[in-house]
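Engineer: coordinates for the following, if possible.
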Amino acid sequence: MIKGEDGMEKDNRGFSLIELIIAVAILVVLTGMLVPSLLGKIQEARRAKCVHQRDNLVLIFNLASVDHDWEDCKDITELKNDLGGKDPVDYLIENGYCDEKEAVCPVFHTKYELDYAVIKGVKSVEFLCGCNSAEKGYLAMAGDITEKGDYIKKSTDRKKLIEEIYNQRGSLLEVSSGFKNGTIAEGMNNLYWRPYYLKDGTIVMYAASGNTASHAGWGAYLVYVNGEIYESTKVGANGKPATNSVSSFYTYTDADSLKDNLSGLGFEKAK
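Structural biologist: Down below sits the predicted model:
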């Protein structure tokens, strides 16, 4: 204790070590509570920005379609051919329809990919990234075709399902780079998802070459089951990845039983 100018005794000891430890502990607890909430809000804002950017890009694409007479293109393959093989998003950037920042997802920091098709005369335009997925809509469409077609769950009907989704959509769904990255299919072009249903009607997909209504020999580089990707472990005579057969998938009752046996069928979960 010391005396102040007014003669009163004052305590100049400050905080004790225990008091400091308690204060720091309280700050740590508060930080632990606030930071996740703050990060969640930031991610939420980024996702909202992504939705806005994708909606805006659809408007931009429709404007460019009128400018360049893309209205006659029935699917993404025809559109790319019309652009001389150029990626449509790159084309929009290079020709001043949007800037590079607008064409990049603010959540995953990857460039958007365009999925374009004319389904039953109605144009479908989607800009894809990790925030959204055309695969879900594709699966739903395949499921709807299966139910309305009163399918009897035979291999011939599985082929018909591929034909019907191709005819209704005007195109199969191209496998995006987001699914190919880090798999044996990385860098492969011309890979498309083909729907396939199991005994209980569950729709899965397999990726094979060619945008056609064929079943591509029932061979797959990749398999999509309940949002998870599995890749073929087969290697061809040239040392390059090869397709494994999916023809026996019909013997599995549901997705879980299929996943439990995929390793024995020559597929492993992609990392």
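Engineer: quick one: mean pLDDT for stretch 260-271?
Structural biologist: Per-region confidence: stretch 260-271 scores 94 on mean pLDDT.
Engineer: pull the residues that contact that stretch.
Structural biologist: 182-183, 220, 222-223, 225, 228-234, 244-246, 248-249, 252 (CB atoms under 8 Å, 6 or more residues apart in numbering). Where C-beta positions appear, they are placed from N, C-alpha and C, glycine not excepted.
Engineer: just stretch 129-139 next, same as before
Structural biologist: So stretch 129-139 is contacted by 47, 50-51, 54, 105, 107-108, 110, 112-113, 115, 126, 128, 165, 173, 176, 178, 193, 195, 203, 205, 224 (CB under 8 Å, 6+ apart).
Engineer: what of stretch 97-115?
Structural biologist: Residues from elsewhere that reach stretch 97-115 (CB under 8 Å, 6+ apart): 43, 46-47, 49-50, 53-54, 56-57, 60-61, 63-64, 76, 79, 87-89, 92-93, 124-131, 134, 173-174, 176-178.
Engineer: need the distance between the two termini of that stretch.
Structural biologist: 18 Å (CA to CA, to the nearest Å).
Engineer: so how far is it off the chain centroid?
Structural biologist: Taking CA atoms, centre = their mean, to the nearest Å, one finds stretch 97-115 lying 14 Å from the centre of the chain it belongs to.
Engineer: just say helix, strand or coil for Gly187.
Structural biologist: Recorded secondary structure, Gly187: coil (DSSP: H, G, I helix; E, B strand; the rest coil).
Engineer: pLDDT score assigned to it?
Structural biologist: We have a pLDDT of 88 for Gly187.
Engineer: could you pull up phi and psi at the closest residue in space to it that isn't next to it in sequence?
Structural biologist: In space, and not counting its chain neighbours, Gly187 is closest to Lys180: 7.5 Å by CB to CB, 6 or more residues apart in numbering. The phi and psi values for Lys180, taken as degrees, to the nearest 10, are phi -80, psi -30.
Engineer: quick one: contacts for Lys180?
Structural biologist: By CB under 8 Å, 6+ apart, the residues touching Lys180 are Glu186, Gly187, Met188, Leu191, Leu222.
Engineer: most neighbours among these, please name it.
Structural biologist: Highest neighbour count within the contacts of Lys180: Leu222, with 24 neighbours (other CB atoms under 10 Å).
Engineer: contact partners for it?
Structural biologist: By CB under 8 Å, 6+ apart, the contact set of Leu222 is 175, 179-180, 183-185, 191, 206-207, 229-232, 270.
Engineer: in this structure, which spans are strands?
Structural biologist: 2-3, 9-10, 113-119, 122-128, 173-174, 191-197, 203-209, 219-220, 222-225, 228-232, 244-245, 267-269 (DSSP state E).
Engineer: highest average neighbour count across the ones you listed?
Structural biologist: Ranked by mean neighbour count, these are led by strand 173-174 with a mean of 26 (mean count of other CB atoms under 10 Å).
Engineer: check which helices and strands the biggest helix by length in the chain sits against.
Structural biologist: Counting by DSSP state H, the longest helix found in the chain is helix 17-68. Other elements packing on helix 17-68 under the criterion 3 or more CB pairs under 8 Å, 6 or more residues apart in numbering; DSSP states H and E are helix 88-94, strand 122-128.
Engineer: which one of these lies closest to His215?
Structural biologist: His215 lies closest, by CB to CB, to one member of the helices and strands packed on helix 17-68: strand 122-128, at 23.7 Å.
Engineer: tell me what the closest one is packed against?
Structural biologist: If you count contacts as 3+ CB pairs under 8 Å, 6+ apart, strand 122-128 packs onto helix 17-68, strand 113-119.
Engineer: now do the first one and strand 113-119, the angle between them.
Structural biologist: Right, helix 17-68. 50 degrees (axes from the mean of the first three to the mean of the last three CA atoms, to 10 degrees).
Engineer: the inter-axis angle of helix 17-68 versus strand 122-128?
Structural biologist: Counting by the same axes, to 10 degrees, helix 17-68 lies at 150 degrees to strand 122-128.
Engineer: average model confidence for stretch 112-126?
Structural biologist: Across stretch 112-126, pLDDT averages out at 83.
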